[in-house]
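Fold the following, please.
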Amino acid sequence: MQILSFFSGVFRKTQNLRILIVLTIFFILASFSRYQGSLELSIDEEGQVQSMPQHDSNMHFTHHIATYKQKDIKLWTHGDSVALRTIEGQKVVEYLTASPFQVPSAENKFKKALLKPDHFLTLTKRFRIYRSLWQRLQSYYDLSVSENRQNEFFSAPPKEVAAEVDFLQRMEQASFPWIARDHTTSYSLYNKVKNGGRGIVMCVGDGHAKYARTAVKALREVVKTKLPIEIFYTGPIDLSPENRAWFESIENVKTIDVTTLVNNELLIIQGWSAKPFALLVSSFSEAILMDSDVYYMIDPELMFEDDGYKETGTLYFYDRTLSPGSGGNKKEWMKSFLPTMSNHPAKTRWFRSKGEHEMESGVVIFNKKDHFLGLLAICKLNDLHERDQVTYQMTWGDKESFWIAMEMIQERYSFIRYGGGIIGNVGDAIPFREVLPKSEIDRYNQGEDLVATNPYDLVSHKSKHVEKPNRDRVCGNMLHFDHKGQPLWWNSGVVRNKFVKNSPYLKYTAFMRDEDGDWDFDQTCLVQRNPSAIMEVDWEQRKLAFEVLKVDREVAVEYNDPNVKDVLDIPKLLRSDGAKGGRGNNVPI
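Predicted structure coming up:
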């Protein structure tokens with residue numbers, strides 16, 4: 001016994017010594033590995049490097065912050081000015097400002113001009129040099145303003161920077177010629193908007209006015225925001241005089257034809273492409289760009305206080321995770337024109353082959369004073385030839401341009417960490433069906449518990465399927481979250497399906513996060529992966545959502561035209577209508 005006791009004591013001492021040694025090594029390594037730059041770094045729960053602001057914050061758990069290596073961001077130097085005046089420097093100038101189009105062959109000379117295959121790579125190089133040179137020359141432009149010579153900045157610049165000013169002008173003409181309609185330089189446009197305060201920007205045509213009327217009334221009467229609102233349209237036939245008068249009748253709401261503020265002969269703005277240009281020419285320096293069918297759980301002005309926005313000057317939201325297993329070609333596409341990137345692309349579903357989409361641009365919070373050049377780059381990706389031949393071919397409309405352009409020009413941006421979820425009703429009386437091969441159906445019929453082989457195929461196909469009423473779902477509208485993972489805003493209307501006649505209002509009893517379910521895209525439902533995935537909407541938020549329903553019904557009654565908007569019955573608001581579930585989708589709600 002004494003021998004056992006002796007060895008037991010030795011073992012405890014040895015174990016304690018081992019623990020002490022491990023802890024000592026850990027702290028030594030931690031002291032050496034600590035990043036010594038202007039930003040601290042941490043590793044998030046996904047194993048990705050995540051930037052952390054210097055102030056006390058848990059932002060690295062709530063946001064994805066795009067951070068660049070300092071060595072990858074090149075400032076304009078005296079050496080660049082000297083090199084610019086050499087023969088080699090002028091060759092670089094010619095390369096960066098040359099025509100982006102391929103030389104047409106004889107048989108194609110009358111067809112649409114095609115961009116060069118490496119056009120986006122050239123754009124990236126141009127954006128980055130433009131940014132460094134623009135910042136270098138800004139003080140010279142400000143001096144010309146103080147001397148009332150700003151209109152001569154391009155035509156008669158200071159001699160010591162004449163070559164640099166000429167290079168900047170040529171890059172502006174190559175990238176943003178539509179600015180010249182009302183502004184001699186990008187500086188004059190910047191000075192026009194840099195002190196414009198805060199406001200809301202919407203793009204509305206007659207086809208979406210029935211949603212936008214509800215959105216504007218909800219902003220004023222439900223969440224009671226006092227932010228000014230600017231509603232943009234693309235030409236006099238896009239938004240009728242009647243609709244313009246209706247919006248103008250609301251306090252502090254203006255309607256503006258975006259095509260009168262840029263050279264639309266070059267842009268031919270329409271649809272999605274109007275959004276970034278409306279954001280650019282709006283009078284606000286800090287703006288919330290929102291779609292016409294967006295509704296909030298809070299006064300949207302509070303989003304300007306989000307830590308991610310205050311840290312970076314932007315706040316973005318993720319889209320749903322659709323088409324898992326896709327995205328590889330987009331990863332290679334991005335790598336083809338981004339010689340260096342921030343730490344963010346590695347987090348994307350594209351790079352991890354987990355989805356087709358990344359960003360939802362239904363709401364974008366943007367500080368134009370901090371990111372004016374980034375916004376110009378975003379607009380360029382929505383320019384006529386870029387959007388038709390590249391951007392909208394590789395992405396769904398304007399959405400990804402808001403962060404990809406920031407990567408190209410190397411400006412920081414932030415995402416709320418949570419993916420796009422859903423808010424609405426539990427169950428929806430639609431049986432959950434998974435499309436499975438016959439062998440899997442046979443296994444199921446023999447009593448085996450199966451897992452979906454392809455969660456994306458949760459759709460009602462005519463092929464053989466098996467009904468599995470043991471996983472519940474939430475069906476309704478697209479939902480987006482605040483930094484705590486709680487409902488913040490939703491889009492796609494206030495009914496079960498805004499594209500179906502007399503589709504009923506939702507009860508807004510439950511919500512689910514993208515990370516906790518599998519999408520049934522055809523039915524706009526999210527199917528839970530575990531019994532705890534479905535969460536109940538807070539009672540106060542439910543009451544707020546029902547106030548939005550009342551506003552929507554008032555808009556429908558005002559229209560008094562079933563061809564435009566249905567007058568629907570509002571369901572009863574009952575506390576008993578909670579987030580039921582767990583017994584399958586056939587349980588009535």
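
Can you give me the buried ones in stretch 534-554?
Neighbour-count burial for stretch 534-554 flags 534-537, 541-542, 544-549, 551-553 (criterion: 16 or more other C-beta atoms under 10 Å). Glycine gets a C-beta too; all of them are placed from N, C-alpha and C.

Now intersect the residues you listed with the strands, please.
535, 536 (DSSP state E).

from the buried residues of stretch 534-554, which ones fall inside helices?
541, 542, 544, 545, 546, 547, 548, 549, 551, 552, 553 (DSSP state H).

Tell me how far residue 338 lies from residue 176.
21 Å (C-beta to C-beta, to the nearest Å).

higher neighbour count, those two?
residue 176 (22 against 17; other C-beta atoms under 10 Å).

That one against residue 186, yeah?
Yes: using C-beta atoms under 8 Å, residue 176 makes contact with residue 186 at a distance of 6.6 Å.

Number of residues surrounding the residue nearest to residue 541 when sequence neighbours are not counted?
Take residue 541 and drop its neighbours on the chain: the residue closest to it by C-beta to C-beta, 6 or more residues apart in numbering is residue 297, 5.3 Å away. Counted with other C-beta under 10 Å, residues neighbouring residue 297 total 24.

Let me know whether residue 348 touches residue 358 as I believe.
Yes: using C-beta under 8 Å, residue 348 is in contact with residue 358, at 5.3 Å.

Between these two, which is the more surrounded one?
residue 358 (27 against 22).

quick one: that one and residue 318, what's the gap?
From residue 358 to residue 318 the distance is 7 Å (C-beta to C-beta).

And residue 419, by the same measure?
Distance from residue 419 to residue 318, by C-beta to C-beta: 5 Å.

Look up the residues that both of these two are in contact with.
Common neighbours of residue 419 and residue 318 (criterion: C-beta atoms under 8 Å, 6 or more residues apart in numbering): residue 514.

Output the below-cut-off pLDDT ranges for this structure.
Within the chain, the stretches with pLDDT under 70 are 1-57, 105-110, 429-470, 580-589.

And it, what are its domain boundaries?
72-103+110-175, 194-416, 421-432+469-559 (automatic domain parsing).

Distance to residue 567 added to these, as JSON lines?
Output for these, formatted as JSON lines (distance: least, C-beta to C-beta, whole Å):
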{"stretch": "domain 72-103+110-175", "distance to residue 567": "46"}
{"stretch": "domain 194-416", "distance to residue 567": "12"}
{"stretch": "domain 421-432+469-559", "distance to residue 567": "5"}
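
circling back: what residues are shared contacts of residue 176 and residue 186?
With C-beta under 8 Å, 6+ apart, residue 176 and residue 186 have common neighbours residue 376.

Just list whatever residues bridge to residue 201.
For residue 201, the beta-bridge partners under DSSP bridges are residue 230, residue 289.

residue ranges for the helices of the stretch 51-200 of the chain, please.
Secondary structure of the stretch 51-200 of the chain (DSSP state H, counting those that start in this stretch): helices located at 59-62, 78-84, 87-97, 119-146, 162-175, 186-193.

would you turn these into JSON lines with mean neighbour count and distance to residue 268?
Below are those laid out as JSON lines (neighbours: other C-beta atoms under 10 Å; distance: least, C-beta to C-beta, whole Å):
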{"stretch": "helix 59-62", "mean neighbour count": "19", "distance to residue 268": "40"}
{"stretch": "helix 78-84", "mean neighbour count": "13", "distance to residue 268": "34"}
{"stretch": "helix 87-97", "mean neighbour count": "13", "distance to residue 268": "23"}
{"stretch": "helix 119-146", "mean neighbour count": "18", "distance to residue 268": "19"}
{"stretch": "helix 162-175", "mean neighbour count": "18", "distance to residue 268": "17"}
{"stretch": "helix 186-193", "mean neighbour count": "19", "distance to residue 268": "20"}
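
Nearest to residue 577, out of these?
helix 59-62 (30.2 Å; C-beta to C-beta).

Can you get me the centre-to-centre distance for that closest one and its chain?
18 Å (C-alpha atoms, centre = their mean, to the nearest Å).

next one: stretch 148-160
38 Å.

Need the residues that contact it.
140, 141, 144, 165, 166, 169, 184, 185, 187, 188.

Please name the nearest non-neighbouring residue to the last one.
Setting aside the residues directly before and after it, residue 188 is nearest to residue 150 in space (C-beta to C-beta, 6+ apart), at 6.5 Å.

Tell me which stretches of the stretch 201-350 of the chain form helices.
209-221, 241-248, 264-267, 274-281, 307-312, 328-337.

Out of the ones you listed, which one sits most buried?
helix 274-281 (a mean of 25; mean count of other C-beta atoms under 10 Å).

how far is that one from where the chain is centred?
When C-alpha coordinates are averaged (C-alpha atoms, centre = their mean), helix 274-281 and its chain have centres 15 Å apart.

got the angle for that helix vs helix 186-193?
An angle of 80 degrees separates the directions of helix 274-281 and helix 186-193 when computed by axes from the mean of the first three to the mean of the last three C-alpha atoms, to 10 degrees.

C-alpha coordinates for helix 274-281, CSV please?
Output in CSV follows, covering the C-alpha atoms of helix 274-281 (Å, rounded to 0.1, in the frame of the first residue of the first chain):
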residue,chain,number,x,y,z
ALA,A,274,-30.9,51.3,-60.5
LYS,A,275,-30.2,50.6,-56.8
PRO,A,276,-26.5,51.4,-56.5
PHE,A,277,-26.9,54.5,-58.7
ALA,A,278,-29.8,55.7,-56.6
LEU,A,279,-27.6,55.2,-53.5
LEU,A,280,-24.8,57.2,-55.2
VAL,A,281,-26.8,60.2,-56.2
